[in-house]
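Participant: All I have is the shape, not the residue letters:
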């Protein structure tokens, strides 16, 4: 089955969504930057966490019967890295203060690593310096700003092809220190911008949703849909005895006013899952600079969390955070938790548009537990130690417990 996108409306103005609608109208002319042809795609796009995490850590994970890791997106602090660094220090503390079996084993980045356009020269300040003391590996998928090549905020025109910085720093050949000004971390040797991470208890499929939220060029033929076809194969062949997570930068659902959810991503996930006969157990996204957690309930009663964690450091002020639509039924316009969207199967369970934060995810043989921790924009504000939000999914029964 070829991926079939919705047709876009023939309009130049961005239509406003009705209140409570978590999916935006499709752009009539979405931007798409093909992966530069001078990069050769490997035959195998999987990466085993045991190839980088120490044997002692892998043994500890298996003995504990669970794996713990961090995740967040939209970290690149182009106007300063104070918030990004504060979150990094908070994550470092969770590793150093935890017992070995509870310490996060890695950080999975949900895209937009470096603003604006993933340039090689920006990696030392926006990536290597903030995470210089983070002791675990950092994996990533690209976001739109990692692959775009447009001029932003008066920048000089980019002199690098799309994804140049991402390839050099995350898809390098072999591990080595970054040659452009940092010796704190090794570059990563992930196989490709879209790829699959295999770990004890969990498989993470990472997609590249390009500039405007699509896997392949719009209206391409079945033969020209390499990422969609690969995605179907990954779903079909994923180990049924492990939790199956999906990470993709652009979210299928969002109630924010700046972006909204992306119809093509929603369609791609649903159509690929139908073709493969397996749906991801949980979906994680960035792009929107806040935290939102949705529950989607299927006709058979099974549930899946759709989680946005895009407040990783780019937004450095309260006003810089993406805000949600205003609810005309509440005095202050705030949307209540447990809000029923216009889609009968989608509920907004919880959200935070006021503080930066990150996820700590724990997966065992039956359960995926997500915890969202926040920091503060205040210079001397107290940092909460308890998670702002916690959810537990029995990924075998697809029930939130």
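Facilitator: Structure received. Computed from a prediction, not measured in an experiment: that's the story for all the values here.
Participant: from here on, contacts and neighbour counts on C-alpha atoms
Facilitator: Fine.
Participant: dump the residue contacts of residue 88.
Facilitator: 130-131, 134 (Cα atoms under 8 Å, 6 or more residues apart in numbering).
Participant: What confidence value was assigned to it?
Facilitator: Per-residue pLDDT puts residue 88 at 98.
Participant: quick check, it in a helix?
Facilitator: Yes: looking at residue 88 with DSSP: H, G, I helix; E, B strand; the rest coil, it is inside a helix.
Participant: Make 894 the first number, not 1, from now on.
Facilitator: Got it, first residue is 894 now, which makes that one residue 981.
Participant: Check the gap between the nearest residue to residue 912 once chain neighbours are set aside and residue 911 for me.
Facilitator: Take residue 912 and drop its neighbours on the chain: the residue closest to it by Cα to Cα, 6 or more residues apart in numbering is residue 1218, 6.6 Å away. According to Cα to Cα, to the nearest Å, residue 1218 stands 9 Å off from residue 911.
Participant: of those two, who's got more company?
Facilitator: residue 1218 (21 against 11; other Cα atoms under 10 Å).
Participant: quick one: the residue nearest to residue 912 from residue 1149, how far?
Facilitator: Residue 1218 is 6 Å from residue 1149, by Cα to Cα.
Participant: how many other residues sit next to residue 1128?
Facilitator: 23.
Participant: circling back: okay, and which of the contacts of residue 981 map to helices?
Facilitator: Here DSSP state H is the test, and those give no hits in helices at all.
Participant: Buried ones from these, can you make that a ChimeraX selection?
Facilitator: To isolate the buried ones among the contacts of residue 981 in ChimeraX, judged by 16 or more other Cα atoms under 10 Å, type:
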select :1023,1024,1027
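Participant: Put together JSON lines for the contacts of residue 981, with pLDDT on each row.
Facilitator: Shown next, in JSON lines, are the contacts of residue 981 (pLDDT from 0 to 100):
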{"residue": "1023", "pLDDT": "95"}
{"residue": "1024", "pLDDT": "95"}
{"residue": "1027", "pLDDT": "95"}
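Participant: Can you tell me which of the contacts of residue 981 comes closest to residue 1254?
Facilitator: residue 1027 (16.8 Å; Cα to Cα).
Participant: Tell me, how many residues neighbour the spatially closest residue to residue 1104 that is not a sequence neighbour?
Facilitator: Leaving aside its chain neighbours, residue 1104 sits nearest to residue 1037 (4.3 Å; criterion: Cα to Cα, 6+ apart). For residue 1037, the neighbour count with other Cα under 10 Å is 27.
Participant: Residue 1037 is in contact with residue 1108, isn't it?
Facilitator: No: Residue 1037 is beyond contact range of residue 1108, at 11.8 Å (criterion: Cα atoms under 8 Å).
Participant: shared neighbours of these two, which are they?
Facilitator: residue 1102.
Participant: Quick check, pLDDT for the residue of the chain positioned farthest from its centre.
Facilitator: Most distant from the centre of the chain: residue 1224, at 33.0 Å, with distances by Cα atoms, centre = their mean. Looking at residue 1224, its pLDDT reads 96.
Participant: okay, and the helix or strand of this protein with the least pLDDT?
Facilitator: Using mean pLDDT, DSSP states H and E, helix 1016 stands out as the lowest-scoring helix or strand of the chain, at a mean of 93.
Participant: Identify all contacting residues around the next helix or strand after that one.
Facilitator: Per DSSP states H and E, the first helix or strand lying C-terminal to helix 1016 is strand 1031-1033. Applying Cα under 8 Å, 6+ apart, the external contacts of strand 1031-1033 come out as 999-1004, 1063, 1081, 1083.
Participant: For the stretch 944-1093 of the chain, which segments are assigned as strands?
Facilitator: Taking DSSP state E, counting those that start in this stretch as the test, the strands found in the stretch 944-1093 of the chain are 959-965, 1000-1002, 1031-1033, 1088-1092.
Participant: And residue 1074, what's its pLDDT?
Facilitator: According to the prediction, residue 1074 has pLDDT 53.
Participant: follow-up on the earlier one: got the strands of the stretch 944-1093 of the chain as JSON lines, with mean pLDDT, distance to residue 941 and mean neighbour count columns?
Facilitator: Conversion of the strands of the stretch 944-1093 of the chain to JSON lines gives the following (pLDDT from 0 to 100; distance: least, Cα to Cα, whole Å; neighbours: other Cα atoms under 10 Å):
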{"stretch": "strand 959-965", "mean pLDDT": "98", "distance to residue 941": "14", "mean neighbour count": "23"}
{"stretch": "strand 1000-1002", "mean pLDDT": "98", "distance to residue 941": "14", "mean neighbour count": "24"}
{"stretch": "strand 1031-1033", "mean pLDDT": "97", "distance to residue 941": "12", "mean neighbour count": "22"}
{"stretch": "strand 1088-1092", "mean pLDDT": "98", "distance to residue 941": "5", "mean neighbour count": "21"}
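Participant: can you redo these as JSON lines with distance to residue 1184?
Facilitator: Shown next, in JSON lines, are those (distance: least, Cα to Cα, whole Å):
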{"stretch": "strand 959-965", "distance to residue 1184": "10"}
{"stretch": "strand 1000-1002", "distance to residue 1184": "15"}
{"stretch": "strand 1031-1033", "distance to residue 1184": "19"}
{"stretch": "strand 1088-1092", "distance to residue 1184": "24"}
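Participant: Nearest to residue 938, out of those?
Facilitator: Here strand 1088-1092 is closest among those (Cα to Cα), at 5.0 Å.
Participant: Let me know the next secondary structure element after the closest one.
Facilitator: Of the helices and strands lying after strand 1088-1092 in sequence (DSSP H and E), the nearest is strand 1095-1099.
Participant: And the contacts of the next helix or strand after that next one?
Facilitator: Sequence order places helix 1119-1130 as the next helix or strand after strand 1095-1099, per DSSP H and E. Helix 1119-1130 has contacts (Cα under 8 Å, 6+ apart) with 896, 1087, 1089, 1098, 1100, 1108-1109, 1161, 1165-1166, 1168-1173.
Participant: Could I get the average pLDDT for helix 1119-1130?
Facilitator: 98.
Participant: May I see the buried residues of it?
Facilitator: For helix 1119-1130, by 16+ other Cα under 10 Å, it's 1120-1125, 1127-1129.
Participant: from those, which single one is nearest residue 921?
Facilitator: Once Cα to Cα is applied, the member of the buried residues of helix 1119-1130 that ends up nearest residue 921 is residue 1121, at 20.7 Å.
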